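Q: compute the structure for the input listed below.
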Amino acid sequence: MQDRDELKAQRLTICKECPLYKEGANGPVCNSSKYISKDGKDWSWLRKDGYIRGCGCALKHKTGNPNSHCIVNKW
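A: Now for the predicted structure:
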């Protein structure tokens, strides 16, 4: 079974490649000011049909929780 630190590191690596990734004052977040297509291949500053708004979660916590998931299923 994978430990939380390993899980967190793997997920953060994936998040850093995402256009919603943002370094916030308290660490990395899923940018709630942007929208992303459900397939995760396109993003926009404006709301679009079929796009999902970034969740705004603190990734240092979310990525280490085995019960959490990415809003566009990247992990």
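
Q: can you report how many residues neighbour residue 47?
A: As a burial measure, residue 47 scores 9 neighbours (other Cβ atoms under 10 Å). Heads up, the C-betas are built off the backbone N, CA and C, glycines and all.

Q: what does residue 49 give?
A: 4.

Q: cool, residue 12 as well?
A: Counted with other Cβ under 10 Å, the neighbours of residue 12 add up to 18.

Q: now do the SS call for it.
A: helix (DSSP: H, G, I helix; E, B strand; the rest coil).

Q: could you measure from it over to residue 28?
A: 7 Å (Cβ to Cβ, to the nearest Å).

Q: for the residue nearest the centre of the chain, what are its contacts?
A: Closest residue to the average C-alpha location of the chain: residue 30 at 4.6 Å, with Cα atoms, centre = their mean. Residue 30 sits next to 15, 18, 20-22, 54-57, 59, 62, 71 when contact means Cβ atoms under 8 Å, 6 or more residues apart in numbering.

Q: again with residue 47
A: Residue 47 neighbours (Cβ under 8 Å, 6+ apart): 35, 53.

Q: dump stretch 40-58 to PDB, restricted to CA.
A: Listed next in PDB are the C-alpha coordinates belonging to stretch 40-58 (Å, rounded to 0.1, in the frame of the first residue of the first chain):
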ATOM      1  CA  GLY A  40      -8.500  18.500 -19.000                       C
ATOM      2  CA  LYS A  41      -7.100  19.600 -22.400                       C
ATOM      3  CA  ASP A  42      -8.300  23.200 -22.600                       C
ATOM      4  CA  TRP A  43      -9.000  26.000 -20.100                       C
ATOM      5  CA  SER A  44     -10.500  29.400 -20.000                       C
ATOM      6  CA  TRP A  45     -10.800  32.500 -17.800                       C
ATOM      7  CA  LEU A  46     -14.500  32.600 -18.800                       C
ATOM      8  CA  ARG A  47     -17.300  30.200 -18.100                       C
ATOM      9  CA  LYS A  48     -18.000  27.900 -21.000                       C
ATOM     10  CA  ASP A  49     -20.500  25.100 -21.600                       C
ATOM     11  CA  GLY A  50     -19.000  21.800 -20.500                       C
ATOM     12  CA  TYR A  51     -16.200  23.400 -18.500                       C
ATOM     13  CA  ILE A  52     -15.600  22.900 -14.800                       C
ATOM     14  CA  ARG A  53     -14.500  25.700 -12.500                       C
ATOM     15  CA  GLY A  54     -11.300  25.000 -10.500                       C
ATOM     16  CA  CYS A  55     -12.200  23.700  -7.000                       C
ATOM     17  CA  GLY A  56     -10.100  26.100  -5.000                       C
ATOM     18  CA  CYS A  57      -8.800  23.300  -2.800                       C
ATOM     19  CA  ALA A  58      -5.500  23.500  -1.000                       C
END
